[in-house]
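>>> Build me a model from this:
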Amino acid sequence: MSDDPIMKAAFEKLKAKGKPGKVALVAIMRRMIIILNARMRDHNAIIIDR
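Numbers count the residues shown, from 1 in each chain. Below is the predicted model:
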């Protein structure tokens, strides 16, 4: 999450609203899964090779 400024900003926004850390983290993970599923559906997946 620290590599993606958009996700980090969303996490900080949830924390500022008073969400506990784990709740905010799970919300961000869910958002990331939704984005990845959409990329797979649209055949626009990026292969990450580390």
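
>>> remind me which residues of this protein are low pLDDT?
1-2, 44-50 (pLDDT under 70).

>>> now the helices: where do they sit in it?
Applying DSSP state H to the chain gives helices spanning 5-16, 21-41.

>>> count of residues packed around R31?
Summarising burial for R31: neighbours were counted as other Cβ atoms under 10 Å, giving 14. Bear in mind the C-beta positions are built from the backbone N, C-alpha and C, glycine included.

>>> got it, and K15?
Around K15 there are 14 residues (other Cβ under 10 Å).

>>> Over to the one 5 residues further on?
If you count neighbours by other Cβ under 10 Å, P20 ends up with 10.

>>> List the contacts of it.
Going by Cβ atoms under 8 Å, 6 or more residues apart in numbering, P20 touches no other residue.

>>> repeat that for 10 Å
14, 26 (Cβ atoms under 10 Å, 6 or more residues apart in numbering).

>>> Cool, thanks, talk later.
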